[in-house]
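Participant: structure here, sequence nowhere to be found:
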């Protein structure tokens, strides 16, 4: 089917005559078997755009269609890769870890180190202890990590494998091979929570299992820990570290995965960057910890406040007010004035927001994604006079998040026109878009089908983004990140304006090269 002298991509390949002939025959066969009734398909398709179907769709409880979330081990793997020379290890089937690796690799366009002990049918019956005993030794022998971070999948959780007991058993039989390597572990059942839950569980476990008892705590004066949360924008990690460094060299990031997915060309290193284990082991000694994602670190916060007895703050440095809060928090904790460089960046962002305000003002947006991402982005939309008509969070926490979102939306002049949809998926959002249309969609790649179905332009911001390159290299945090968000959203509005005014002598009366 392919010509070795002229290799074409899938889009052109499937337009070739042989593929089109095969497709036509397939349709004819299926139609003759009664599987396809074009008229009925069209009838049902139109009905799914109605208010009647919307009410039935929103009442759905027993099934998820097109989820706007991933499962727990994905978040646990991100945590593991945020620590120096650490290999994430998934206790479960090989298919699961292959999915996690490909998911991250397709987003970051970089290799994702991660191993599993490849549990099979027999392990599902008799337990996975034997797999773990052999797997941990193999992982250590082949990849020479300084730490192994173990998480679990559905199979291991359903049969009740005890990670703590398994790790102890594996070490006892390893003939000393695993004696000097920390094997941190967290239960991350895929059938509850989401990737942010897995992030939280693994971060909590690593901090608890690496750090000494509180009785051995030695406070490092001026030290502040920052936990980034499930952050898919590597530029945001760099931006936060730059802002923090402008206040103090004693501010450290716990779980810094920036370098792991941002390596250069040339020789490949399995491990890149990450928080040094010496820093992770002394996290308890900090005076305060700041979490940049409140709802990605719910359990971790309990460890910091109750076990470490440490100061704990949250900030969400997305948009103008969110970044202001973060900057002022650093100023208060360090006792230092805000640097002139940050004041300049803020002034530049405010100036740019004033330039673009007329184009975002009054535009209706449907926005979906993770809880903390939405809090920051919706705040920015409100600051710009946009209308967050539909805010959908499939993995919304049960407590607190809706109230936080309502407080943000209440600042909008159109607050009564805005709706929050906690626990709903993207098929729910489809009904909302047909019955209460908006001007723009903001979210990850899975909104692509919604765009094709409804014609509402999709602005790709979030995780994952598979079909565009290098967006993850930018920041959406800080004043510079705010400028990136402003640029992407405003230019999408202008792109649509061009699209709507391109018909000669029909709609081109608003053609304008200066907007």
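Facilitator: Yes, it's here. Computed from a predicted model, the values in this text were never measured in an experiment.

Participant: right, and residue 130 touches residue 123 too?
Facilitator: Yes. Residue 130 is within contact range of residue 123, at 7.4 Å (criterion: CB atoms under 8 Å). Placement of C-beta: from N, CA and C, glycine included.

Participant: and the two? Which one has more around it.
Facilitator: residue 123 (22 against 16; other CB atoms under 10 Å).

Participant: so which helix or strand takes in the more buried one?
Facilitator: Following DSSP states H and E, one finds residue 123 within helix 121-126.

Participant: from the rest of the structure, what touches whichever helix or strand comes after that helix?
Facilitator: Using DSSP H and E, the helix or strand that follows helix 121-126 in sequence is helix 129-143. Contacts to helix 129-143, defined as CB atoms under 8 Å, 6 or more residues apart in numbering, come from residues 87, 89, 91, 113, 115-119, 123, 145, 148, 150, 161, 166-167, 169-170, 173-174, 177-178, 181, 183, 270.

Participant: okay, strands next: where are they in the stretch 101-250 of the chain?
Facilitator: Along the stretch 101-250 of the chain, counting by DSSP state E, counting those that start in this stretch, strands occupy 115-116, 147-152, 183-185, 224-227.

Participant: in the chain, where's the longest helix?
Facilitator: Longest helix in the chain, counting residues (DSSP state H): helix 478-500.

Participant: gap between that helix and the chain center?
Facilitator: Centroid separation between helix 478-500 and its chain, computed with CA atoms, centre = their mean, to the nearest Å, is 21 Å.

Participant: show me the contacts for residue 251.
Facilitator: With CB under 8 Å, 6+ apart, residue 251 has these contacts: 223-226, 244-245, 330, 334.

Participant: try 7 Å this time
Facilitator: Residue 251 makes contact with 224, 226, 244, according to CB atoms under 7 Å, 6 or more residues apart in numbering.

Participant: residue 298 versus the residue nearest in space to the middle of the chain, what's the distance?
Facilitator: Closest residue to the average C-alpha location of the chain: residue 463 at 4.4 Å, with CA atoms, centre = their mean. According to CB to CB, to the nearest Å, residue 463 stands 19 Å off from residue 298.

Participant: how about residue 287?
Facilitator: Distance of residue 287 to residue 298, given as CB to CB: 22 Å.

Participant: cool, and residue 43?
Facilitator: Counting by CB to CB, the gap from residue 43 to residue 298 is 46 Å.

Participant: out of these two, which sits in the more crowded spot?
Facilitator: Neighbours were counted for residue 43 and for residue 298 using other CB under 10 Å; residue 298 has more, 18 against 10.

Participant: now the more buried one. Nearest residue, chain neighbours left out?
Facilitator: Taking CB to CB, 6 or more residues apart in numbering, and ignoring the residues beside it in sequence, residue 298 has residue 200 as its nearest neighbour in space, at 5.9 Å.

Participant: the one you found: neighbour count?
Facilitator: 30.

Participant: ok, now residue 320?
Facilitator: By other CB under 10 Å, 18 other residues sit near residue 320.

Participant: for it, what are its contacts?
Facilitator: Going by CB under 7 Å, 6+ apart, residue 320 touches 349-350, 353, 383, 482.

Participant: which one (most neighbours) among the residues you listed?
Facilitator: Ranked by neighbours (other CB under 10 Å), the contacts of residue 320 are led by residue 482, which has 29 neighbours.
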